[in-house]
Structures are given as structure tokens and as C-alpha cells.
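**Student:** this is a predicted model, with the sequence first.
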Amino acid sequence: MVEISFLAEPDRDQWEALARGKDAHFGVERRDEDYERTWRRLLGDERIRGIAARVDGRMAGIAHYLFHASVWYSGKCYLADLFVDPEARRRGVATAVIEWVARDAEEHGHPGLYWNTLEDAPARALYDKVGKFHQGLIHYAYRR
């Protein structure tokens, strides 16, 4: 059974191990200060939320998300990060996390949940089941 709760101060070490695992998986390099800043924001910024998924009492996954206004809808929820420890995959952790985030978002008036992933991500097998794929949607990021 998967148990999900908001991150709390005692979760720091386990959270950071999974956050670093996520970054290694995607080839992202961050400084120690980046993890510290993000941790503080997850615990102290009401706009940004962090949750932990536990299996048999051990943290097996994390997710970070935020609520924001929407032009056409009452509000949106962006699932920024979802990572499950490779040893805990295919046990329903990611599905439980997505359902938990969707429920939390809806309860707070932000029923539109969305996320991005890489085209060749293995997690797409799950995402194609629980989400709606927008064929042809292209993501752009502006950099000065």
C-alpha cells in the first residue's frame, strides 16, 4: 500500500536522495545550494508543494507541484517533478501520486492538472493511461 503525505523536516535526507536520483536520471546538474533552496521553498512557500510516497514505511517517491491562475479555467496545477525510486517502480506509486495531486488540486480550486515529459520517457506508458496526450504540442522555453 502506498501512503502519501506532505514533506516535513524529518524527510530532508530521503527527499534529497530521491531528488538527486531524479536529476541524475535526467542528466541535470545542480549545486548543493539549489537543493537547500528548493527544500526551504517546499516547506515554506504556500504556492509550491512537495509530497512523499512511502511503501512499507520507506520513502519510495516524491513529487513537486504548484497551483497557478489560468486565463480560461478556474486554475491549473503543474506537476513539476515526479520521481519514483527504481526499486519501487511498477508498484502503483506513480499512479497513486498523480491521483493524490489531482485530488489536492481540485480541492483547492485548481482542477486542471498537467505535466511535461520527454518523448522517449519510459514513464509514458503510465502517462498515456492516466493522462490525455496532446499530439503535436511543442514546448518552448525562452532564454535571454
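**Tutor:** Good, I have the coordinates. Numbering: from 1, shown residues only.
**Student:** I'd guessed residue 97 sits against residue 64; true?
**Tutor:** No - contact criterion C-beta atoms under 8 Å: residue 97 and residue 64 do not qualify, at 10.7 Å. Just so you know, the C-beta spots here come from the backbone N, C-alpha and C atoms, and that holds for glycine as well.
**Student:** for the residue nearest to residue 96 when sequence neighbours are not counted, which residues are in contact?
**Tutor:** Distance criterion C-beta to C-beta, 6 or more residues apart in numbering; nearest residue to residue 96, sequence neighbours excluded, is residue 2 at 4.1 Å. Applying C-beta atoms under 8 Å, 6 or more residues apart in numbering to residue 2 gives the contacts 53-55, 60, 91-93, 96-97.
**Student:** any weak-confidence spans in the protein?
**Tutor:** The chain contains residues with pLDDT under 70 at 117-142.
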